[in-house]
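**Student:** Just a sequence and a predicted model for now, questions to come.
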There are 2 protein chains.
Amino acid sequence: MGIKEDAVEVRAQGWRTLAALHGSIEAELERSLQASSELSVVEYTVLDALSRQDGWHMRMQQLARATALSSSATTRLVNRLEDRGLLTRILCADDRRGIYTELTVAGQKLLEAAKPVHDETLASALEAAESVPELEPLVRALGALQKA
Amino acid sequence: MGIKEDAVEVRAQGWRTLAALHGSIEAELERSLQASSELSVVEYTVLDALSRQDGWHMRMQQLARATALSSSATTRLVNRLEDRGLLTRILCADDRRGIYTELTVAGQKLLEAAKPVHDETLASALEAAESVPELEPLVRALGALQKA
DNA sequence: GCTAGATACTTGCGCAAGCAACTACTTCTG
DNA sequence: CAGAAGTAGTTGCTTGCGCAAGTATCTAGC
């Protein structure tokens, strides 16, 4: 077994670790956001992405990319949020195929309420992961990403 | 805005990066494993986990943990693989509630065929991610995890 | 300026996931 | 040792996803 085979195994191990950490964080967030705001993680991601956007509106495609979802799933996701009055669709004037989505006031309020829950849950999930030997190095690496 | 708020934002950013990287790798693997072996990523994970296990058998609960799936999903996942003849259920003699799953020869063969595809796809997905500015630092950190 | 092909979104359909309720077995407690 | 409480796995039901096909709109080549 040479250097090459080792590299393959390191990558596979890294991927398993990444998947495990992702899974555990997502499960925690899912639980706490559902309990506090009746939001799924992707739904929160949409609200958060919109609030972070200049002008607070994004096209469906951008949303699909931001959530790593297919465009059909994005359509239905936006439907759900629109039905709950958290965002609105706005036809694009310059490109009439396009549709902008924009947070409503209710959406902003719900996001505002959910954000601290999200952030606290994330912190505690990371802390919990840090005490799992398998995950600890990745959590550490994650924390050191953008210190500069 | 003090140090504390910064830490919150760093964690949130790290989580978004983690989720994005996870999503893109998973999508790539899904596509290539489906095309080459008609396996989903979780299905591959099961076969791989079993092959890595001493004695090549695991209980449903372990499998559920290894795949980050609920136990009901695990039941059906094992059903699918059993129906395809890739693994078998074996009743636990010492604890008759428990059920071991074990790779069949066909399962081992399929895994053997799928593994190079999996490893290559993983390598190329990581390489692709490395050229995305947002993801690059995390990919780098992932590669540096277990060098020791 | 008209048609061919690309792009943006939506809809129909099948599949896999989670939750809650159920069965079967084990372990704890008095 | 009997009954209560806990654990392992399965099943019914609902929900949300992706793929492929459909509609509407834009863009390029002639």
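**Tutor:** Done, it's in. As the structure is a prediction and not an experimental result, all values here were calculated from the model. Numbers count the residues shown, from 1 in each chain, chains lettered A, B, ... in the order given.

**Student:** Could you pull up phi and psi at the residue nearest the centre of chain A?
**Tutor:** With distances taken as C-alpha atoms, centre = their mean, residue A:45 lies nearest the centre of chain A, 4.2 Å away. Dihedral pair for residue A:45: phi -60, psi -40, per degrees, to the nearest 10.

**Student:** check contacts around residue A:50.
**Tutor:** A:56-58, A:87, A:101-103, A:107 (C-beta atoms under 8 Å, 6 or more residues apart in numbering or on different chains). Where C-beta positions appear, they are placed from N, C-alpha and C, glycine not excepted.

**Student:** quick one: is the helix ranked longest in chain A near chain B?
**Tutor:** Scanning chain A for the helix with the most residues, using DSSP state H, yields helix A:3-37. Yes. Helix A:3-37 is in contact with chain B by C-beta under 8 Å from any C-beta of the partner chain, via A:8, A:10-15, A:17-27.

**Student:** Stretch A:128-137 now?
**Tutor:** Yes. Against chain B, stretch A:128-137 shows contacts by C-beta under 8 Å from any C-beta at residue A:137.

**Student:** Next one: the residue nearest to the centre of chain A from DNA strand C, what distance?
**Tutor:** 17 Å (C-beta to the nearest atom of the strand, to the nearest Å).

**Student:** so that residue touches residue A:65, yeah?
**Tutor:** No. Residue A:45 lies out of contact with residue A:65 (C-beta atoms under 8 Å); the separation is 11.3 Å.

**Student:** May I see the buried residues of the helix or strand where residue A:48 lies?
**Tutor:** Assigned by DSSP states H and E, residue A:48 falls within helix A:41-52. Buried positions in helix A:41-52, judged by neighbour count with 16 or more other C-beta atoms under 10 Å in any protein chain shown: A:41-50.

**Student:** Just name whatever secondary elements the following helix or strand past that helix is in contact with.
**Tutor:** Downstream of helix A:41-52, the first helix or strand assigned by DSSP H and E is strand A:57-59. Secondary structure elements in contact with strand A:57-59, counted by 3 or more C-beta pairs under 8 Å, 6 or more residues apart in numbering or on different chains; DSSP states H and E, are helix A:41-52, strand A:99-103.

**Student:** Just put these in a markdown table and tack on mean pLDDT.
**Tutor:** Conversion of those to a markdown table gives the following (pLDDT from 0 to 100):
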| stretch | mean pLDDT |
| --- | --- |
| helix A:41-52 | 97 |
| strand A:99-103 | 97 |
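
**Student:** Please name whichever of those is nearest to residue A:139.
**Tutor:** helix A:41-52 (18.6 Å; C-beta to C-beta).

**Student:** quick revisit: would you turn the helices and strands packed on strand A:57-59 into JSON lines with distance to residue B:118?
**Tutor:** Formatted as JSON lines, those follow (distance: least, C-beta to C-beta, whole Å):
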{"stretch": "helix A:41-52", "distance to residue B:118": "26"}
{"stretch": "strand A:99-103", "distance to residue B:118": "36"}
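
**Student:** Out of the ones you listed, which is closest to DNA strand D?
**Tutor:** helix A:41-52 (4.8 Å; C-beta to the nearest atom of the strand).

**Student:** what about the closest one, near DNA strand D?
**Tutor:** Yes. Judged by C-beta under 7 Å from any atom of the strand, helix A:41-52 comes into contact with DNA strand D through residue A:42.

**Student:** now swap in stretch A:76-89 and tell me
**Tutor:** Yes. Stretch A:76-89 reaches DNA strand D (C-beta under 7 Å from any atom of the strand) through A:76-77, A:80.

**Student:** among these, which are within reach of DNA strand C?
**Tutor:** Within the residues of stretch A:76-89 next to DNA strand D, those near DNA strand C by C-beta under 7 Å from any atom of the strand are residue A:76.

**Student:** just checking, which of the residues of stretch A:76-89 next to DNA strand D belong to helices?
**Tutor:** A:76-77, A:80.

**Student:** among those residues, who's most crowded?
**Tutor:** residue A:77 (21 neighbours; other C-beta atoms under 10 Å in any protein chain shown).

**Student:** quick one: that residue and residue A:104, what's the gap?
**Tutor:** As judged by C-beta to C-beta, to the nearest Å, residue A:77 and residue A:104 stand 16 Å apart.
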